[in-house]
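Colleague: With the input below, show me the fold.
(chains A and B)
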Amino acid sequence: MLIPLFLLVGFGAAVLFSAAGGNMQPFAASHLMRFGVFLLMAFAMVPFGRPVVQFMAYPVYGLVLILLIAVEAIGAMGGGSQRWLELGFIRIQPSELMKPAIVLALAHFYQSLPAGMINSWRAIVPAGGLLLLPMGLVLLQPDLGTSLAIAFGGVVVMFLAGLPMRWFVAGGAAAAVAVPLAFFFGLKEYQQRRVTTFLDPESDPLGSGYHITQSKIAIGSGGINGKGFNEGSQSHLNYLPEPHTDFVFATMAEEWGLLGGLFVLVVFGMILGWGLRVASASNDRFSRLLAAGMVATIFFYVAINLMMVMGLAPVVGIPLPFMSHGGSSMMTNMICIGTLMMVNRWNRQKRGIVG
Amino acid sequence: MARRKKPAPPVNLSILQNRFARRSFVVGAVGAGVGTLLAARMAYIAIAENEKYETESESNRVNLSLIPPRRGWILDRNGAPLASNRADFRVDIIPERMANPDRTIDQLGSILTLDAAKVQDLKDKVASTRGFQPLEVATGLDFEEFAAISLRVPEMPGVIPQRGFSRFYPTGPTVGHLIGYVGPASAEEYELDRNPLLVTPGYKIGKDGLEKQFEQRLRGVPGARRVEVTASGRIVRDLDTREDIQGEAVKLTIDGPLQDYAARRIGLESGSVVVMDCETGDVLCMASMPSFDPNSFSDGIGRVEYAMLRDDERVPLRNKVLKGLYPPGSTVKPMVSMAFLEQGIDPEETVFCGGGLRVGNRVFGCWNRRGHGAVNMAKGIYQSCDVYFYSMAQRVGMDPIAAMARRCGMGQEFPLPVISQFYGTVPDPAWKLQKYGRDWAAFDTVNATIGQGYMLANPLQLAVMSARIATGQQVMPRLLARPQKPDFRKFDFPTEQKAYIRQAMSDVVNGPGTAGRGRLPFDDIKIAGKTGTAQVVSLSKSDGRTGPWKYRDHGLFIFFAPFDKPKYAGAVVIEHGGGSGAAYPVARDVTTFLFDAQKGLDALKALEEQWGGNARERLDRKYLAYAAAAGEEVPPVPKRESEIFDRVDAEARAEAEAPATEASDAAENRSQNVDSSPVDQQP
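Modeller: Predicted structure coming up:
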């Protein structure tokens, strides 16, 4: 499992090397370093036992929630929104931490919920509360993308926990009604523009449609084989915005072409597939939901980022796991990976005991 | 669905595990589906639309800029440039790309220390031009200024400093009318010729004169520079460069120094000088003064200078050689004599001139009220006796005279590469009937034989007439130098008649004629000519020699030299010069310059000292005086530069028609002057 991950991170570093104009600094080196640090952290997570993790679920969730509130409060006092907390030695973005935390909390909730009550209101109301609270806080920041990511992780856990199908159908219908309303009344104007631009990027080729247009140009001009390592003109001549973070895939595709893109997709498929197998292999509800929720979180990142880069989704500012340069998303994704490795260890232990 | 009707079985852990298994499969499948969708989307972008995006990426990356071709030179007959190019540093602006035009222009103004009028001109132009059209801010910058602008380019979008070539006319005002000038293409010109070159900053097209006429030939082929640029427009590196191909040179028949000399010799007067080579028809000089400096037009003329040119009653913007129409006055007399000879009139037959001649119930005066006594044809010419011509013209009638006038080039439009030429009028009975619906009267013939009344010609036509009389051939003027000598059709004109006229015209200058001071300072070369004085208004308004400038008579002179073997022919017209005395000294000096440049120059230098400098110096001084007097209160330049000339054309036409009515009674007036008895005033 770690081999595809290393391949992906290594490939990401190569792309970042190119995005920096053929230099290890400032992106590639720190990318690899962060990966190393967070890999150690992931390994450190592995020895935790299931009871400890279960015990820690709510406190962790609560802590992250408090951090979110703190961010909000500091933003309100300082005048102007912000998304991170300065803790002196490190800068954390609590909304990022909330993504695994919500999965953890919900997995614990459903594992402790008696099976017979899954069809009752007791199954949804507390869980909904757990989910909506952080979503609301993140939306206030405002950060629509992360808020949706939290919702996605949570909803997938609820779905897999076995909540009645009709609730999801109803929820989907409600969302279908709510989305237009939210679009017109809930979103800030710049967010609205991002969405309209996504629907017609050519309408504003030098404004907000610029990102999508240039990204498509980068991917399209790469062709099958790409322009070659360090040969991407779109990224090197600054036509592509954010070539090292959100649009790292476009940077990659320009230089490595369709083959590079398929490679990335296949590797993500392997990692996510492994995660799902870990989830299926576990015997208890908590492990299963936890592992599957982590997979969903990573998947959401990958899917939305790639759709955005290819012009299938609005520009929402979600980085590509393991390839984009950025500490917070690397941390979140490595927490997900660490969790999956942990669950994997539990599975093997159990099998060892049973077998 | 069927399950919903039954009571739901109690949910236990194993059911939930099943649900998990099923649903996780769904999640996995959806995930795989999204992955496939992404792969397909990417394949679509990268393969199906590859070509489109590759082009877009390339057009992002590569910036193609045209290198304006160097314009072809305009050369005189000896290969010396009348219009050339000068390398310089320049700054243009493209209004469309400017974020804040007013502020940027102020900034430019302070860097380049432009005066307030120029800054205002620029702001007006930015407000009125179409966006894509580059505007010139300044040319001929020194390197420090150029560097200062170049440094600030990132903060002044739309400002383009570049190294280029600008058009340069070494002799300035003396070739203004002939060569024309260049300027940035207007929106209308770009509509007609959708050449991207026309909107390239710094590129200029011919706007008038030969520059406009030979635009395509002078233009050349633009070079191109492909550069790699970043999104913010910074140039990363040159990819490749194709050099421009300079436009073809146009070689004229004009003799540059002669042109300059003639223009300067006109001096303070308003007038024109044309000199032709009789053997080839080569136009050696076509000077029209006062003039404008084509260098300032090419640099984008300022409002002060434009106002100065427009307000001048001597219309410096009009090319008087082609667009000035004048009654030819007595200069037609040699031509009329040729008509007489052809009609069989004996040149020795005399007419008594007592100062006037009765025609019908009127008495027409001779210019010399004392009378010339017995006058034969030669004396009629060299003494310019009007009565001789009144009398003989009565005998032959108007038609042979009009026919001869046309053969000599009057009323003719010549096949020259010029923008426009006015060709005047040769009146005859049919023409008058058609134009005015009235019959030809005896006094019309009288008027026409002395080159007054309806008769109008431009100086080029007068020069051609002179050349044709001198050679007896249908000399055609030409402006483009060709090696081969053209073969002109000959008049069937007996040699002794030709010699007679030549001798008579020589006597005008070298004999007992009207232009005694016109003699050349050479023993072996003699000039022949004919003076003319054209009345502009009725004698009741002015005596033609004093009073307001614009009421004074035009002075004319046609000439050829050497008189016995004509090589050069020409015409001089001095507007409102007060008589032919203003014209023939110019012809004398110009001809002198042709045969001995130093002698000619000595004469000119002396005159220029009196006048206060040469043409350019005087123009510069005049500009400064005008600008000082006008201050800031000068109306702006018309938006299209061609309007300047349209206006002048319109006025020119109106003025050209005025003499036909105002001075049609010239001879009649003379009769009043000469004959105090009121015979012809009776109703």
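Colleague: which residues touch the closest residue in space to B:Gly360 that isn't next to it in sequence?
Modeller: Once flanking residues are discounted, B:Gly360 sits nearest to B:Ala442: 5.4 Å by Cβ to Cβ, 6 or more residues apart in numbering or on different chains. (C-beta placed from N, C-alpha, C; glycine too.) By Cβ atoms under 8 Å, 6 or more residues apart in numbering or on different chains, the contact list for B:Ala442 reads B:Val359, B:Gly360, B:Gln394.
Colleague: Give me the subset of these lying in strands.
Modeller: Under the assignment DSSP state E, the contacts of B:Ala442 contribute B:Val359 to strands.
Colleague: Which of the contacts of B:Ala442 are buried, as a ChimeraX select command?
Modeller: Selection of the buried residues among these in ChimeraX, burial being defined by 16 or more other Cβ atoms under 10 Å in any protein chain shown:
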select /B:359,394
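Colleague: In a markdown table, list the contacts of B:Ala442 along with pLDDT and distance to B:Gly437.
Modeller: Output for these, formatted as a markdown table (pLDDT from 0 to 100; distance: Cβ to Cβ, whole Å):
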| residue | pLDDT | distance to B:Gly437 |
| --- | --- | --- |
| B:Val359 | 80 | 23 |
| B:Gly360 | 76 | 21 |
| B:Gln394 | 87 | 24 |
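Colleague: Kindly tell me how buried the residue in chain A positioned nearest to chain B is, as a neighbour count.
Modeller: Closest contact between chain A and chain B, by Cβ to the nearest Cβ, is at A:Gly220 (2.5 Å). A:Gly220 has 28 neighbours, counted by other Cβ atoms under 10 Å in any protein chain shown.
Colleague: Not including adjacent chain positions, what is the nearest residue to the residue of chain B found nearest chain A?
Modeller: Chain A sits closest to B:Tyr53 of chain B, with a gap of 2.5 Å, by Cβ to the nearest Cβ. Distances taken as Cβ to Cβ, 6+ apart place A:Gly220 nearest to B:Tyr53, at 2.5 Å, with adjacent residues excluded.
Colleague: would B:Gly371 count as being in a strand?
Modeller: No. Counting by DSSP: H, G, I helix; E, B strand; the rest coil, B:Gly371 falls outside a strand, being coil.
Colleague: Okay, and the beta partners of B:Phe89?
Modeller: On the basis of DSSP bridges, B:Phe89 is bridged to B:Leu141, B:Arg163.
Colleague: any idea of the pLDDT on it?
Modeller: On the pLDDT scale, B:Phe89 is placed at 82.
Colleague: what does the one 4 residues further on give?
Modeller: According to the prediction, B:Ile93 has pLDDT 82.
Colleague: Might you report the residue contacts of it?
Modeller: Residues in contact with B:Ile93 (Cβ under 8 Å, 6+ apart) are B:Pro101, B:Thr104, B:Ile105, B:Leu108, B:Leu122, B:Val126, B:Pro134, B:Leu135, B:Val137, B:Gly158, B:Val159, B:Ile160.
Colleague: Isn't the fifth one up against B:Leu135?
Modeller: Yes. With contact defined as Cβ atoms under 8 Å, B:Leu122 reaches B:Leu135; the gap is 6.9 Å.
Colleague: the more surrounded of these two?
Modeller: Under the neighbour definition other Cβ under 10 Å, B:Leu122 and B:Leu135 were set side by side, and B:Leu122 has more, 25 against 19.
Colleague: Skip the chain neighbours and tell me the closest residue to that one.
Modeller: Nearest to B:Leu122 is B:Ile105, by Cβ to Cβ, 6+ apart, at 5.1 Å.
Colleague: near chain A, which residues of the stretch 201-350 of chain B?
Modeller: With the criterion set to Cβ under 8 Å from any Cβ of the partner chain, the stretch 201-350 of chain B comes near chain A through B:Glu228, B:Val229, B:Thr230, B:Ala231, B:Ser232, B:Val236.
Colleague: Run through the bridge partners of the nearest residue to the second one once chain neighbours are set aside.
Modeller: Closest residue to B:Val229 apart from its sequence neighbours, by Cβ to Cβ, 6+ apart: B:Asn63 at 4.5 Å. Beta-bridge pairing of B:Asn63, defined through DSSP bridges, involves B:Val227.
Colleague: What number of residues are in the vicinity of B:Asn63?
Modeller: Neighbours of B:Asn63 under the rule other Cβ under 10 Å: 16.
Colleague: Please tell me how far it sits from A:Lys227.
Modeller: 19 Å (Cβ to Cβ, to the nearest Å).
Colleague: show me what contacts residue 320?
Modeller: Since you didn't name a chain, this refers to chain A. A:Leu320 is in contact with A:Asp246, A:Val248, A:Phe249, A:Tyr301, A:Val302, A:Asn305, A:Leu306, A:Val309, counting by Cβ under 8 Å, 6+ apart.
Colleague: hmm, I had chain B in mind actually
Modeller: B:His177, B:Ser270, B:Gly271, B:Ser272, B:Ser288, B:Met289, B:Asn458, B:Pro459, B:Val573, B:Glu575.
Colleague: Mind doing that once more with 6 Å?
Modeller: B:Ser272, B:Ser288 (Cβ atoms under 6 Å, 6 or more residues apart in numbering or on different chains).
Colleague: how many other residues sit next to the closest residue to B:Val27 other than its chain neighbours?
Modeller: Of all residues not flanking B:Val27 in the chain, A:Val156 sits nearest, at 6.4 Å (Cβ to Cβ, 6+ apart). Per other Cβ under 10 Å, the neighbour tally for A:Val156 reads 25.
Colleague: For A:Val156, give me the pLDDT.
Modeller: According to the prediction, A:Val156 has pLDDT 90.
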